[in-house]
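**Student:** My questions are about this predicted structure, shown below with the sequence.
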Amino acid sequence: MKIAVIGTGAIAQFVQRMLPEHGHELAAILVRPHRVDPKSPKSVGSVDDLPAGIEMVLDCAGHEALAGLGPDILARGLDIISVSAGALADQQVSDRLDRAARKGGARLHLASGAIGGLDCLSAAAVGPLKSVTYVGRKPPAGWKGSLAEHSLDLGNITAAETHFQGSAREAALAYPKNANVAAAVALAGVGFDNTQVRLIADPTIHKNIHEVEAEGDFGTFQFRISGTALPDNPRSSALAAMSVLSKLDQLCKPIVL
Ligand SMILES: NC(=O)C1=CN([C@@H]2O[C@H](COP(=O)(O)OP(=O)(O)OC[C@H]3O[C@@H](n4cnc5c(N)ncnc54)[C@H](OP(=O)(O)O)[C@@H]3O)[C@@H](O)[C@H]2O)C=CC1
Ligand SMILES: O=C([O-])CC(=O)C(=O)O
């Protein structure tokens with residue numbers, strides 16, 4: 001496929017690097033207008049400047065990019081694969097994306113991101129589900145630049161500290177760079193308002209640990225992943241970048257899991 005990637009950060013760089021190996025062509029890199037690289041013909045500063053023939057847009061940039069650029073892209077009939085599930089916690093953003101996708105006959109595909117087990121949760125939700133809880137635990141550096149800094153001295157904590165407890169909607173809105181997993185779990189399971197979330201800064205760990213527990217007519221479910229962060233961003237797990245490519249692969253296959 002001929003691909004446009006939004007962003008040039010840790011996830012975007014990983015995805016851009018891997019595209020040829022997965023049989024795709026990186027045709028454009030969509031950045032903020034003032035970030036356009038005059039030395040790179042692929043660098044564009046607006047949806048209008050995307051070259052003809054793009055078949056898929058990969059949002060590797062976060063909530064602001066999906067909320068700001070997503071509707072225009074979808075309304076033009078272009079599908080998006082996005083890492084920014086948490087942006088949908090804002091009902092207005094979600095409605096705008098939904099309307100644009102219907103108008104353009106396009107689809108917004110949410111990458112599973114740094115978590116797994118979403119297939120099990122969404123099947124179990126048919127049951128229905130009784131409860132879903134998600135606990136996100138990262139080393140202090142993984143919470144830099146987030147709301148955690150308001151309640152914790154991240155550089156000096158010596159034991160695990162909870163800095164957020166509430167619904168997935170509150171988590172996703174308050175932690176746009178850290179709680180997309182909470183949003184994905186919510187969307188697969190019992191929704192933004194009924195998913196209970198706890199976020200923890202833990203100086204004793206070196207991985208991003210995500211745990212989900214669910215209960216319902218299907219039985220019980222426990223999921224735990226200990227994810228390696230991307231070298232360029234301790235906030236983001238490598239699996240989140242990998243999940244963009246695996247979603248892209250799935251969309252290209254005649255037989256899908
Ligand atoms: N689903 C999941 O499990 C996960 C999701 N994420 C989401 O992915 C996002 C990106 O992660 P990561 O790559 O590590 O972050 P980085 O901070 O390394 O990179 C973010 C990139 O996105 C660009 N960007 C942000 N907003 C816009 C915009 N409106 N238009 C164009 N470009 C934009 C930034 O450009 P600039 O420098 O100009 O701001 C930068 O190039 C996170 O913010 C988070 O929301 C992250 C981890 C896991
Ligand atoms: O990358 C991770 O481990 C999780 C993350 O940032 C998110 O959920 O937004």
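**Tutor:** Noted; the coordinates are in hand. Numbers count the residues shown, from 1 in each chain. Ligands and ions are numbered 1, 2, ... in the order given.
**Student:** Just give the strands next to the lowest-mean-pLDDT helix or strand in the chain in its sheet, each with its orientation.
**Tutor:** Ranked by mean pLDDT, DSSP states H and E, the helix or strand of the chain with the weakest confidence is strand 233-237, at a mean of 94. Here strand 233-237 has these sheet partners by DSSP bridges: strand 229-230 (antiparallel).
**Student:** ok, now which ones touch the residue nearest in space to the middle of the chain?
**Tutor:** Centroid-nearest residue in the chain, with Cα atoms, centre = their mean: Val83, separated by 2.7 Å. Residues in contact with Val83 (Cβ atoms under 8 Å, 6 or more residues apart in numbering) are Ile11, Asp59, Cys60, Gly62, Ala111, Gly113, Asn180, Ala240, Ala241, Ser243, Val244. Yep, even glycine has a C-beta here, placed from its N, CA and C like the rest.
**Student:** The strand or helix carrying Glu170 near ligand 2 at all?
**Tutor:** Counting by DSSP states H and E, the element that carries Glu170 is helix 168-174. No: Helix 168-174 lies out of reach of ligand 2 by Cβ under 6 Å from any ligand atom, never closer than 8.5 Å.
**Student:** Off-centre distance for that helix?
**Tutor:** In terms of Cα atoms, centre = their mean, to the nearest Å, the gap separating the centre of helix 168-174 from the centre of its chain is 13 Å.
**Student:** cool, stretch 114-124 as well?
**Tutor:** Centroid separation for stretch 114-124 versus its chain: 14 Å, with Cα atoms, centre = their mean.
**Student:** And Leu66, how far from Ala184?
**Tutor:** Using Cβ to Cβ, to the nearest Å, we find Leu66 at a distance of 13 Å from Ala184.
**Student:** The two: which has the busier surroundings?
**Tutor:** Neighbour count, other Cβ atoms under 10 Å: between Leu66 and Ala184, Ala184 has more, with 30 against 25.
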